[in-house]
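K.L.:
Generate coordinates for the sequence data below:
(3 chains)
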Amino acid sequence: MGKVEGKTSVPGVAAVPLGGAAARASRRRLLDRESFLGPVMILPAVLYVLALVGVPFGLSLYLAVSDAKIASTGLGHFVGLANFTSVLRSPTFLRALANTFVFTLVSQVLVLVLAKILATCLTKRFYGKSIVRFLILLPWVAPISLGTIGWKWMLDSLYSPVNWVLQALHIIPASSWPMWFGVRELAMASVIGVHVWRLLPFATVIILAGLTSIPKEVEEASAVDGAGFWSREFHIVLPLLRPILTVAGLFGIIFAFTDMTVIYVLTRGGPADGTQVLSSLAFFTGILGGDLAGGAAISLFLFPMLLIVAVVMLRIARRAEVA
Amino acid sequence: MGSSQLSRRTFLKGAGVAATVAAGPTVFVRASRAQGKTLKIAQWTHFVPAFDDWFDKKFTKEWGEKNGVHVTVDHISVNDLRARAAAEVGARKGHDLFGFLDPPPAYEDQVLSMNDVVSELEKKFGKPINLVQRATYNPRTKNYFALSDNWVPDPLHYRIDWWGEVGVKPDTWDHVREGARKIKEKLGHPAGFGISQELDTNMMLRGLLWGFGAHEQDESSTKVTINSKGTVDAIKLMTAIYKESMTNEVFTWDPSGNNRFFVSGKGSIIQNAISAIRTAEKQNPELAKKMGLAPPAAGPKTRMGSEHLLHCYVVWKFAENPDLAKKFIMDLVASYNDAFLASEFYNFPSFPKSVTDLRGKLAADKFNPQAYLILADAEKWSAYPGYPGHTTAAIDEVFNTFVIPNMFARVAKGEQSAEDSAKQAEAEMQRIFAKWGK
Amino acid sequence: MRRRSARYIAGRVGLYLTVSAFSALLAFPFYWMFLATFKTDRDLYDLKNNPLIFNDHLTLANLKLLFERTLYTTWLWNTFVVGVTVVGITLLLALPAGYALARLAGRWGEPLGIGIFLTYLVPSTLLFIPLSRIVALLGLQDSLWSLVVVYPSFTIPFCVWLLMGFFKSIPKEIEEAAMVDGCSRARAIVQIIMPISLAGILSAVIFAFTLTIQEFVYALTFITSSGEQTVSVGVPTNLVRGDVFFWGSLMAGCLITSIPVAILYNLFLDRFIAGFTVGAIK
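P.N.:
Got it, this is the predicted structure:
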């Protein structure tokens, strides 16, 4: 009997909204008696977050339509969309906008595909599994500011051990020595690579959690039906995983959009703005350059779009319920 | 690994060590705060650790004892100074003295005027050098918004042995091009002028522009003048040097890139603060003997380089001990003989008379007196971002969004012609000037 | 079994190759950090050397610098204190909220859950300026406690959302049965739901703790006293001096921080996934 309920916890299988609604209705009476309990339990968390994120965020929104500078004594004046029209005239901004999309989408696709492969491997039994798990968890627990400094050396123009290894393995000819941050494409590949390196463990854990929650019977049944590995992957496993993949993807997208650590430490947006993204440009303009309002406009430029993407993705993932 | 226990135990031990550590004393401040006033200073983590030792443990300690004040010094990494300043201003709370590494005109509304400190110091030590005056003074408000105690010259570093072998002296940009090419061809060693989004590039390229008679803005600091023939010629010259004797790596660097490049023995020439040669003296003394310093190369119009760093203190309007802070700066400037030595000649005095017999001190260097002697005239060939105008908030944003380095990079990479790139830089600068013009 | 063995072996070989490749790629930087920790400068900076082995004698100089000339142990301790306190505050607020959103909030649960999640869309590079004012008003500037107060603002939303999902997967009948037996809901939550939710709570703890030790911007802008800093800020601030990096000590600082946490996680991850599987089968 627990089996039916158990399935609601399975991502994607929970195609029982009707039953859920009915159950909810029947519980309404119960809820009435405890209608105060819900708010009491929720409010502290909501207030905490509102006070520390909501208020400053409201202020940031206002900054984007003001002429506030970094050391303005007041809040500045309301200038409408002037900051937005100003940045739109800047080729640097347009390049950063394009780079942001490339950086986010490519790194996200890579993270999800690689994490799925790695997670599938980790569901199998093999020798040394716990060592492997320890090793792949490392990038996730390293303080990112320091981990990225490590990569800075590993992709250094002089000392790069990465180049050394590539040469030793004859992947690149002995005469070539890639300048990772010196060529636009390589620089973009580097920041994407390091970003993937950093996020892969997290995504793997999430997907692993999703995979282990798929009942064995489902897979076994399809195996008995004679479905091959790939057909099982695409017709059974991936659809079941979709909600959880969506969540992992959403997290990745948000990280990629709002966090600039990797780019700031490795390339500072170079070469010639080749890896400049909105978050780094906002920092250079608003904090280092002092044009706070301009920086706010740059970093909030994609907020409306991001908001829609997040809501849509969360709707898709509605029943992902990681656990 | 029981890291908590371990670190707690060593923490206690560490606390004992703390007194000997840069910024360590702050650990103990809390207890002693009750006794009297505390002067709080924030400044960068100096490239010469010995300077921080002198500053934290000797100078501020003695000054504190003499004035009955407890002094704490917090160190912040170069790259993070501005973010921390923004946070202090946002909070309206912070240190009494905040040390920037470049002039912060954007903060003028939040800092106390330093006019009184400057005039007091002028009585004792004469006028500050010209570049310091131009970079920290706002003529519109008639205000010194910061007080600079030191600045850092940006000389050429070159390999005496190789340049001697090809028989060229790096005294003009044309000779730099010629010598760099010959060394590359004959010895296989590249030159290293960064064309990257970082501080060293920002400074070096400005010097090159001035050499060609090109400027970011006019003397009134209101008009963008970057799109000129001088700029185009300077871009073309740097592109030629890049094509003939440099590699892609010049696009990859951060401020430490050219140091590593030169100190490793790979490069023939760079332009940098003396941290490069000083590092070599410690890491590879043999190699360091083959290194020389030279003034910036001359262009067709003039010989000019930018300051590498301009250290300036501000006192926030919301500082708790503004008078103490100002007194501290005056006494610090008065002690610049010691500071100059402690910094291993890295910090040059902003008030030239605050260091006596600068030339003699340079000549007494343990490692390479000949090299350092050329710095005696550094003031004559150094300017600042925004020259010949003042360093304004708009110039500051141009600087921090790397408009100039990217103008050069686009051409060197073959993405744009020199003319188009100068035009694009002009448009970008005009956009930025318009924002700050109001 | 025998007949499948060729395919089986191929599969196993593929499996081992794949996990080896992933481990190598993900852990390679840490191997390099290990080398850098014990290498002499001469070894590290010699272009002719094989970078993947020790070419000179090993040295403890980098570790000495890290432990004796910086407050590294203090930073470790601070990071630990902040991590644990933040996790505590987070659980205290997120557990009830997650449960209530899953069970009590009815149709408001979902949108509220999403709303909480959206707080991540705001970059901290922007938020730190107004937040620093709040920190100052609370009198917490330059104190470890500023981080303890601020960090839950980004750990709570995620954990609420995570726990909400987790509680939803627990059959309602469990606590309803208990309540029919005369148990109050509050008691049912504490005595019945919490024990079977350990796996979910554990994952919330792990995620919150990770976010905490990773954070950089707030730690940088709210705190300047060396004695109050955390590892992620203290190490680079004190070991990147101008344009000179103290590579050996920097990398040692990263390695020593990471390894114990990775070991800890590895232990918990077992329980975490085991708990998961049990939850799914039942």
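K.L.:
helices and strands of the chain: which one has the lowest mean pLDDT?
P.N.:
Let's take chain A. None of the helices or strands of chain A scores lower by mean pLDDT, DSSP states H and E than helix A:2-8, at a mean of 34.
K.L.:
You answered for a different chain; I wanted chain C.
P.N.:
helix C:109-117 (a mean of 72).
K.L.:
Give me the buried positions along whichever helix or strand comes after that helix.
P.N.:
Sequence order places helix C:124-137 as the next helix or strand after helix C:109-117, per DSSP states H and E. By neighbour count with 16 or more other CB atoms under 10 Å in any protein chain shown, helix C:124-137 contains the buried residues C:124-136. Quick note: C-beta positions are derived from backbone N, CA and C, even for glycine.
K.L.:
Pull the contacting residues for residue 82.
P.N.:
Unless you meant another one, I'm taking chain A. Residues near A:A82 by CB atoms under 8 Å, 6 or more residues apart in numbering or on different chains: A:D67.
K.L.:
sorry, should have said chain C
P.N.:
Taking CB under 8 Å, 6+ apart, we find C:V82 in contact with C:144, C:147-148, C:151, C:212, C:230.
K.L.:
let's see it at 10 Å
P.N.:
Contacts of C:V82 were listed using CB atoms under 10 Å, 6 or more residues apart in numbering or on different chains, and they are C:144-148, C:151, C:209, C:212-213, C:215, C:219, C:230.
K.L.:
Leaving out the residues flanking it, which one is nearest to the residue in the stretch 51-200 of chain B that chain A sits nearest to?
P.N.:
Distance from chain A to each residue of the stretch 51-200 of chain B (CB to the nearest CB) is smallest for B:A106, at 3.2 Å. Take B:A106 and drop its neighbours on the chain: the residue closest to it by CB to CB, 6 or more residues apart in numbering or on different chains is A:G290, 3.2 Å away.
K.L.:
Just the element for that neighbour, please.
P.N.:
Using DSSP H and E, A:G290 is not contained in any helix or strand.
K.L.:
try A:M188
P.N.:
Element membership of A:M188 [criterion: DSSP H and E] is helix A:184-212.
K.L.:
Check which helices and strands that helix sits against.
P.N.:
helix A:91-123, helix A:129-141, helix A:144-154, helix A:238-258, helix A:261-266, helix C:5-38, helix C:198-214, helix C:247-281 (3 or more CB pairs under 10 Å, 6 or more residues apart in numbering or on different chains; DSSP states H and E).
K.L.:
how about the next helix or strand after it, does it reach chain C?
P.N.:
Later in the chain than helix A:184-212, the nearest helix or strand by DSSP H and E is helix A:216-224. Yes: under the criterion of CB under 10 Å from any CB of the partner chain, helix A:216-224 makes contact with chain C via A:216-217.
K.L.:
average pLDDT across helix A:216-224?
P.N.:
Helix A:216-224 comes out with an average pLDDT of 72.
K.L.:
Which positions in it come out as buried?
P.N.:
Those buried within helix A:216-224 under the rule 16+ other CB under 10 Å are A:218-219, A:222.
K.L.:
Low-confidence ranges, the chain, go.
P.N.:
No chain in the question, so chain A it is. Per-residue confidence for chain A (pLDDT under 70) gives these ranges: A:1-35, A:223, A:317-323.
K.L.:
Chain B, not that one
P.N.:
Ranges of chain B meeting pLDDT under 70: B:1-35, B:438.
K.L.:
Contact residues of the stretch 51-200 of chain C facing chain B?
P.N.:
Contacts of the stretch 51-200 of chain C with chain B, taken as CB under 10 Å from any CB, map to C:65, C:67-81, C:83-84, C:125, C:128-137, C:139, C:141-143.
K.L.:
Repeat the analysis, applying 7 Å as the threshold.
P.N.:
When proximity is defined as CB under 7 Å from any CB of the partner chain, the stretch 51-200 of chain C approaches chain B at C:68-71, C:73-74, C:76-77, C:80, C:128-130, C:132-133, C:135-136, C:141.
K.L.:
and what of the stretch 51-200 of chain A?
P.N.:
Proximity of the stretch 51-200 of chain A to chain B (CB under 7 Å from any CB) is limited to residues A:67, A:69-73, A:86, A:89-92, A:157-158, A:179-183.
K.L.:
Write the PyMOL selection for whichever of those are buried.
P.N.:
In PyMOL, a selection of the buried entries from these looks like this (16+ other CB under 10 Å):
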select buried, chain A and resi 67+69+70+71+72+86+90+92+157+158+179+180+181+182+183
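K.L.:
Between helix A:238-258 and the least confident helix or strand of chain C, find me the angle.
P.N.:
Angle of helix C:109-117 versus helix A:238-258, following axes from the mean of the first three to the mean of the last three CA atoms, to 10 degrees, is 40 degrees.
K.L.:
separation between B:N321 and chain A?
P.N.:
B:N321 sits at a distance of 20 Å from chain A (criterion: CB to the nearest CB, to the nearest Å).
K.L.:
So that residue is in contact with B:I41, correct?
P.N.:
No: the pair B:N321 / B:I41 is not scored as a contact, 10.6 Å apart, by CB atoms under 7 Å.
K.L.:
give the contact list for B:N406.
P.N.:
Contact analysis of B:N406 by CB atoms under 7 Å, 6 or more residues apart in numbering or on different chains lists A:272-273, B:197.
K.L.:
oh, I was asking about B:T225
P.N.:
Going by CB under 7 Å, 6+ apart, B:T225 touches B:215-218.
K.L.:
Closest one of these to chain C?
P.N.:
Nearest member of those to chain C, counting by CB to the nearest CB, is B:E216, at 23.7 Å.
K.L.:
Now the residue of the stretch 151-282 of chain C found nearest chain B: phi and psi?
P.N.:
Nearest to chain B, among the residues of the stretch 151-282 of chain C, is C:G242, at 3.1 Å (CB to the nearest CB). Main-chain dihedrals, C:G242, degrees, to the nearest 10: phi 60, psi -120.
K.L.:
re earlier: quick one: the residue of the stretch 51-200 of chain B closest to chain A is in a helix?
P.N.:
Yes: assessed by DSSP: H, G, I helix; E, B strand; the rest coil, B:A106 belongs to a helix.
K.L.:
No further questions, thank you.
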